[in-house]
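*Asks:* need coordinates for the below:
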Amino acid sequence: MVSCVRYTLDSTGAILSTGDGWDEFAIAGSAPSLAGAGARQLNLFEIVRGRRVHDFYRSLFRSILDGTLPSFEMPVRWDAPEVRRFGRFQVQRLGGRDDVLACLAVTDREEPRAPVLLLQAPPAIAAGPPLPVVPLCSFCKDVKLPVFGQVWAPTEQYLAAGFPTEVRVSHGTCPGCLEQLAGWLDSLGA
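*Replies:* Have a look, this model is predicted:
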């Protein structure tokens with residue numbers, strides 16, 4: 001099962017166009033508001049979360065647009081509440097233009113799983129006590145456990161341990177992905 005999602009960005013991360021697979025991916029990922037023309041009014045940095053993740057993408061985009069790096073590909077995960085998706089993200093300059101990036105997200109395989117409530121878009125929160133914050137790795141989708149210091153684990157392990165499901169998800173970067181991210185940034189000269 002291989003599927004592709006194509007889109008273009010300007011140098012600030014604004015989505016200029018969406019193509020093959022975008023709408024289907026948005027709907028399947030529990031983000032129907034990103035289907036159709038809705039996505040073209042957004043900036044990638046409104047969708048992708050986390051300071052380190054933003055820093056990485058900005059450095060990557062700058063390196064590609066200034067010609068330091070001709071293109072880039074990395075493995076990624078983009079999970080939805082009922083499926084794990086494994087694939088790769090590719091980015092390069094669009095044709096001869098020095099201000100537009102062509103992005104391709106390729107899903108190489110999917111694994112169904114029981115719904116994971118942590119990955120669903122949160123409903124409007126009624127007034128009440130604040131919900132606990134649970135960091136979710138923006139790259140591998142592991143969750144930082146609220147005990148044991150810096151332990152990160154798959155969302156299924158978090159749920160099996162009985163941790164709360166009514167939480168606010170805050171995107172972050174787990175230590176393993178941070179190490180890989182640092183290597184990529186070094187290779188970019190950032």
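
*Asks:* quick check: phi and psi at residue 105.
*Replies:* Here is the backbone geometry of residue 105 (degrees, to the nearest 10): phi -110, psi 120.

*Asks:* could I get the full set of strands for this protein?
*Replies:* Using DSSP state E, the strands of the chain run over 3-10, 15-18, 71-77, 83-93, 100-112, 133-137, 143-144, 152-153, 168-172.

*Asks:* how far off centre is the second one?
*Replies:* Spelled out, it's strand 15-18. Taking Cα atoms, centre = their mean, to the nearest Å, one finds strand 15-18 lying 17 Å from the centre of the chain it belongs to.

*Asks:* so what touches that strand?
*Replies:* Applying Cβ atoms under 8 Å, 6 or more residues apart in numbering, the contact partners of strand 15-18 are 5-10, 39-44, 100. In this view, the C-beta of every residue, glycine as well, is placed from N, C-alpha and C.

*Asks:* how close does residue 38 get to residue 48?
*Replies:* 16 Å (Cβ to Cβ, to the nearest Å).

*Asks:* do residue 182 as well
*Replies:* From residue 182 to residue 48 the distance is 18 Å (Cβ to Cβ).

*Asks:* burial count for residue 21?
*Replies:* 18 (other Cβ atoms under 10 Å).

*Asks:* what pairs with the residue nearest to it when sequence neighbours are not counted across the strands?
*Replies:* Of all residues not flanking residue 21 in the chain, residue 5 sits nearest, at 4.1 Å (Cβ to Cβ, 6 or more residues apart in numbering). Beta-bridge partners for residue 5, by DSSP bridges, are residue 105.

*Asks:* wait, residue 5 sits on residue 25?
*Replies:* Yes: Residue 5 lies in contact with residue 25 (Cβ atoms under 8 Å); the separation is 4.7 Å.
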